[in-house]
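Q: show me how the following folds:
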Amino acid sequence: MAGQAIALQIAVIAVVVLVGSALALLDARRDGDSAARQQVVSIATALADSPSTAQAIESGRATPLLQPVTEAVRTNTDIAFITIMSPDGTRFTHTDPTQIGGHYLGTIEPALRGETFTEVYTGTLGPSIRAVVPVRDASGRVVGLVSAGITQQTLAQRWRDQWPMIASIGVGALALSLIGVWAIRRRLLRQTHGLRPDELRVMYEHHDAILHSVSEGLVVLDRDRVVLVNDEARRLLGLSPGPVTQTDLPPFLRAYAPGARDEVHVTDDRVLVVNRSPVADSAHSEVVTVRDRTELQGALGELSSLQILTNSLRAQAHEAANKLHTVITMVEMGRPDDAVRFATDELELSQRLVDRLSHDVGEPALVALLLGKTAQADERGIPLTVTEDTYLPSDADDVPLSAQEMVTVLGNLIDNAMDACDRQEPWVEVTVTLQEAELTMRVADSGPGMDDGAFERAMQRGYSTKTGSEPEQHGLGLALVAQVVRRHGGTLTADVTYGSVVTVTIPGMAR
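A: Just a heads-up that it's a prediction; the model follows:
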């Protein structure tokens, strides 16, 4: 294929050079004829306008006076013949002296009328281009004629003398063109890494097939323009069909950040993992891959909810074991009454919390979560209080969130609060209410809270105040809460009043 293309280019160039050379030869022939006409007119006019020519004709000694002059001019100017004649056409001069006195062969009538003209005529020397000019005396009367001519044979020789130059130019042009074709071919091969056109076609077909079938989103960015977006990227990023500009991309893709690995970004309905790789030999180009972790994150969310409940039960079991050991030790010390009183007091305290939550919160999973988080907080030395305002009736059928979503939201908010609360005076306060089908979950802690900028970043993507370097492990809590809130059209706010307060409000809707 590549050889055929090169051969076709060479053939086209050769045809162009040949046609150009032929046109150059024709133009040279035409220019030669035009130059010959101008030359013979100039010489004939110069002799006719000379006063000595008219005087010689009128003197009756025209031949001896004019023949040497015309021969000298003819020899010096490469003219085939110069003939001076009488008005009736009798020759006074001629290249061949034997023709002197003979009748001029050619047209003379326009010159007798005072006109200067040229013609192609076959005379004694063969075909020639000739000019005929009238000779006037002092009164303006035509007393003779001057004819100068160049034979067609001479013109043909002049034309043939130009062939080598034109041929050299043509060969040079062909050589330069071939060098240009070779240079262009070499440059193209270098730019295409040595791939031939058929290989490029196959590669493009494979490339296009991969782009449309790959399960990951692919975006290629170059400075301020989007070079390529595949179908999966359009689906994951919610892009409409047609050309894509930088402003169409989500904010987290607009910033140039080559080399970023496994960035987690939470949109309204998806959890995306983004990787960026710079393009080789380009200072501002990068390839961005986008993977959908929504289903995986959903499974992880359910697992996280189960883990939260498991940890809560583990904390309760650990706390119960500690208290049981205390009771056993008291019995072994011979203080059974104190052991009974201690066990009764702890049981009453735990039972009161269980009874209150079971009465005020009708969702068993949420009750288990709150009991478990209370035990976890107690293990960490953090007082966790479920406020008296907490109320979620068991017969409510208009709770806008599922049990799993409520566990995800409240569990992450409580975890964040326990991590962020002040270590000197730690406390966490939880409130859950359902009023007129509007669900409100509020978690307060003694921590410093986040400013508006940090809170906004935390809702948009993975963000954490925890120490650690694994983005997959920390920083998704508030972003996942924000995703649930956006999905249900709710609000997520943060205030710093008597502590840090994060409030989630979900408007009423049928489950």
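
Q: drop to CA atoms for contacts and neighbour counts, all remaining ones
A: Noted.

Q: okay, now the domains of this protein?
A: Split into domains by automatic domain parsing, the chain comes to 2-161, 216-292, 296-506.

Q: need the residues that contact the helix or strand where Val443 lies.
A: Per DSSP states H and E: Val443 is located in strand 438-445. Under the contact criterion CA atoms under 8 Å, 6 or more residues apart in numbering, strand 438-445 has outside partners 399-400, 410, 413-414, 417-418, 420-422, 426-434, 499-508.

Q: show me these that map onto strands.
A: Residues of the contacts of strand 438-445 located in strands (DSSP state E): 428-434, 500-506.

Q: most neighbours, which of these?
A: Most neighbours among the ones in strands among the contacts of strand 438-445, by other CA atoms under 10 Å: Val428, with 26 neighbours.

Q: before we move on, the earlier item: partners of the strand holding Val443 in the sheet?
A: Sheet partners assigned to strand 438-445 using DSSP bridges are listed as strand 428-435 (antiparallel), strand 500-506 (antiparallel).

Q: would you format those as TSV with distance to Gly453 and mean pLDDT included?
A: Output for these, formatted as TSV (distance: least, CA to CA, whole Å; pLDDT from 0 to 100):
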stretch	distance to Gly453	mean pLDDT
strand 428-435	23	92
strand 500-506	15	92
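
Q: export those strands to CSV and tack on distance to Val12?
A: Putting the strands paired with strand 438-445 into CSV (distance: least, CA to CA, whole Å) gives the following:
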stretch, distance to Val12
strand 428-435, 84
strand 500-506, 75
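
Q: between those strands, which one is closest to His193.
A: strand 500-506 (57.0 Å; CA to CA).

Q: give me the contacts around the closest one.
A: 400-401, 413, 438-450, 485, 488-495.

Q: bridging residues for the closest residue to Gly101 other than its chain neighbours?
A: Leaving out its chain neighbours, the residue that sits closest to Gly101 by CA to CA, 6 or more residues apart in numbering is Arg91, at 4.9 Å. Beta-bridge partners of Arg91, counted by DSSP bridges, are Met85.

Q: equivalent analysis for Pro127, please.
A: On the basis of DSSP bridges, Pro127 is bridged to Thr122.

Q: thought it was touching Leu155?
A: No - applying CA atoms under 8 Å, one finds Pro127 not in contact with Leu155, separated by 10.6 Å.

Q: tell me which of the strands paired with strand 438-445 sits nearest to Tyr391.
A: So among the strands paired with strand 438-445, strand 428-435 is nearest, using CA to CA, at 4.9 Å.

Q: and the contacts of that closest one?
A: By CA under 8 Å, 6+ apart, strand 428-435 touches 382-387, 389-393, 399, 414, 417-418, 421, 439-446.

Q: quick revisit: neighbour-wise, which of Pro127 and Leu155 wins?
A: Leu155 (18 against 15).

Q: now do the contacts for the more buried one.
A: Gly32, Asp33, Ala36.

Q: where does it sit: helix, strand or coil?
A: State at Leu155, reduced to three classes by DSSP: H, G, I helix; E, B strand; the rest coil: helix.

Q: which per-residue confidence value corresponds to it?
A: pLDDT for Leu155: 74.

Q: what's the distance between it and Val120?
A: Leu155 sits 12 Å away from Val120, going by CA to CA, to the nearest Å.

Q: what's the closest non-adjacent residue to Arg136?
A: Using CA to CA, 6+ apart, the nearest residue to Arg136 is Val142, at 4.4 Å.

Q: any idea how far that neighbour is from Arg113?
A: Applying CA to CA to Val142 and Arg113 gives a distance of 8 Å.

Q: quick one, which of those two is more surrounded?
A: With neighbours defined as other CA under 10 Å, Val142 and Arg113 compare such that Val142 has more, 18 against 10.

Q: contact partners for that one?
A: Pro87, Leu112, Gly114, Pro134, Val135, Arg136.

Q: tell me the one among those nearest to Ile10.
A: Pro134 (56.9 Å).

Q: surely the closest one and Gly114 touch.
A: Yes - between Pro134 and Gly114 there is a contact at 5.8 Å, judged by CA under 8 Å.

Q: could you report the neighbour count for Gln483?
A: Neighbour tally, Gln483, other CA under 10 Å: 22.

Q: against Ala417, how distant is it?
A: 19 Å.

Q: same check, this time on Leu195
A: Distance from Leu195 to Ala417, by CA to CA: 60 Å.

Q: and for Met165?
A: In terms of CA to CA, Met165 sits 94 Å off from Ala417.

Q: those two: who's more crowded?
A: Ala417 (25 against 11).

Q: what's the pLDDT at the spatially closest residue to that one that is not a sequence neighbour?
A: Distances taken as CA to CA, 6+ apart place Asp445 nearest to Ala417, at 5.6 Å, with adjacent residues excluded. pLDDT recorded at Asp445 is 92.

Q: same question, Gly477
A: Taking Gly477 on its own, its pLDDT is 74.

Q: hmm, it is touching Asn412, no?
A: Yes - between Gly477 and Asn412 there is a contact at 5.4 Å, judged by CA under 8 Å.

Q: between these two, which is the more surrounded one?
A: Gly477 (24 against 21).

Q: many thanks, have a good one.
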